[in-house]
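**Student:** return a 3D structure for these sequence lines:
(one chain, ligands or ions: 1)
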Amino acid sequence: MKVKKCPVCKSKNITTYMGAQFGKYLCKKCGYVGALILEEDDKRNKKRKQEVLSM
Ligand SMILES: [Zn+2]
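**Tutor:** Numbers count the residues shown, from 1 in each chain. Coordinates of the predicted model:
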């Protein structure tokens, strides 16, 4: 599962803008609207945390 993040404020509070019919996203935190969005793999983040804990 991928997590969408705002490229401006790195918030995960992202929603589709106008029902995604324009292919844009809206950040509820800073008000950013645009097609550019950061996507991070949620699984990779969890794995990285586990590796840190095991050390
Ligand atoms: Zn934002």
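**Student:** separation between the nearest residue to K10 once chain neighbours are set aside and K5?
**Tutor:** Nearest non-adjacent residue to K10, counting by C-beta to C-beta, 6 or more residues apart in numbering: L38, 7.4 Å away. Bear in mind the C-beta positions are built from the backbone N, C-alpha and C, glycine included. From L38 across to K5, the span is 4 Å (C-beta to C-beta, to the nearest Å).
**Student:** please apply the same query to I14.
**Tutor:** The value you get for I14 to K5, if C-beta to C-beta is used, is 7 Å.
**Student:** what's the answer for Y25, then?
**Tutor:** 10 Å.
**Student:** which neighbours do these two share?
**Tutor:** With contacts taken as C-beta atoms under 8 Å, 6 or more residues apart in numbering, Y25 and K5 have I14, I37 as neighbours in common.
**Student:** show me where this protein has helices.
**Tutor:** 42-54 (DSSP state H).
**Student:** re the thing from before, please look at the residue nearest to K10 and K2 and confirm they touch.
**Tutor:** No. When contacts are counted by C-beta atoms under 8 Å, L38 is not listed as touching K2 (9.9 Å).
**Student:** and the strands in the protein?
**Tutor:** Applying DSSP state E to the chain gives strands spanning 2-5, 14-16, 25-27, 33-34, 38-41.
**Student:** the first one and the ion in contact?
**Tutor:** No. Looking at strand 2-5 against the ion by C-beta under 5 Å from the ion, there are no contacts, and the closest approach is 8.5 Å.
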